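Novice: sequence first, then the predicted structure:
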Amino acid sequence: MTLDFTDDLGTRHFEFCFVGFVLGGSLQDRKTLTVLRREVALFEKLEQISELKPCGKKMVNGEPERQVTPGARLEVEPVEFDLLYAYVSIVPWQAGTPAKQALDTLDWLQRSAQADYDRQQLHASRP
């Protein structure tokens, strides 16, 4: 599945995906070795399409904030998508604009997953 961060809201969607992934993952009190490996693989993919923010700002867990590089697209496996979606959805986003933008990002992730599914179905139905 491809997550395309090239549209007008791509920068914001990446920020909420990255922050949500890191913070949501930090909220997990128990993880199996398999989950840890999936987290590291997805984190490395997120690093590959981004760069450290020039301001040097860090999140509450000490992880440096990152910004997406122009034209970035992220290839994720279904299990990585599920992990990303689950982590973004459990972060206790502040009420107001942050919650609204997080919900927008979750809706965007769902639309991306549905579009990928539709492409697969169309491809599978061709003789």
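Specialist: Received, thanks. Residues are numbered from 1 along each chain as shown.
Novice: check contacts around the residue positioned nearest the centre of the chain.
Specialist: Nearest to the mean C-alpha position of the chain, counting by Cα atoms, centre = their mean, stands Cys17 at 3.2 Å. Contact analysis of Cys17 by Cβ atoms under 8 Å, 6 or more residues apart in numbering lists Leu3, Leu46, Leu84, Val88, Thr105, Leu109. Every C-beta, even on glycine, is put in place using the N, C-alpha and C of the backbone.
Novice: cool, and Thr2?
Specialist: Here Thr2 is in contact with Arg73, Leu74, Glu75, Val76, Ser112, Asp116 (Cβ under 8 Å, 6+ apart).
Novice: change it to 10 Å
Specialist: Thr2 sits next to Arg73, Leu74, Glu75, Val76, Ser112, Ala115, Asp116, Arg119 when contact means Cβ atoms under 10 Å, 6 or more residues apart in numbering.
Novice: from the chain's centre, how far out does the strand or helix carrying the last one sit?
Specialist: Under the criterion DSSP states H and E, the helix or strand holding Arg119 is helix 97-125. Here helix 97-125 shows a centroid-to-chain-centroid distance of 12 Å under the convention Cα atoms, centre = their mean, to the nearest Å.
Novice: elements contacting that helix?
Specialist: strand 2-4, helix 10-26, helix 78-90 (3 or more Cβ pairs under 10 Å, 6 or more residues apart in numbering; DSSP states H and E).
Novice: please work out the angle formed by the directions of the longest one and helix 97-125.
Specialist: When you say that, I think you mean helix 10-26. 100 degrees (axes from the mean of the first three to the mean of the last three Cα atoms, to 10 degrees).
Novice: list the buried residues of the host helix or strand of Glu44.
Specialist: Glu44 is part of helix 33-48, with elements assigned from DSSP H and E. For helix 33-48, burial by neighbour count (16 or more other Cβ atoms under 10 Å) applies to Arg38, Glu39, Leu42, Lys45, Leu46.
Novice: could those go into a markdown table alongside pLDDT and distance to Leu23?
Specialist: Shown next, in a markdown table, are the buried residues of helix 33-48 (pLDDT from 0 to 100; distance: Cβ to Cβ, whole Å):
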| residue | pLDDT | distance to Leu23 |
| --- | --- | --- |
| Arg38 | 96 | 17 |
| Glu39 | 97 | 12 |
| Leu42 | 98 | 14 |
| Lys45 | 98 | 18 |
| Leu46 | 98 | 13 |
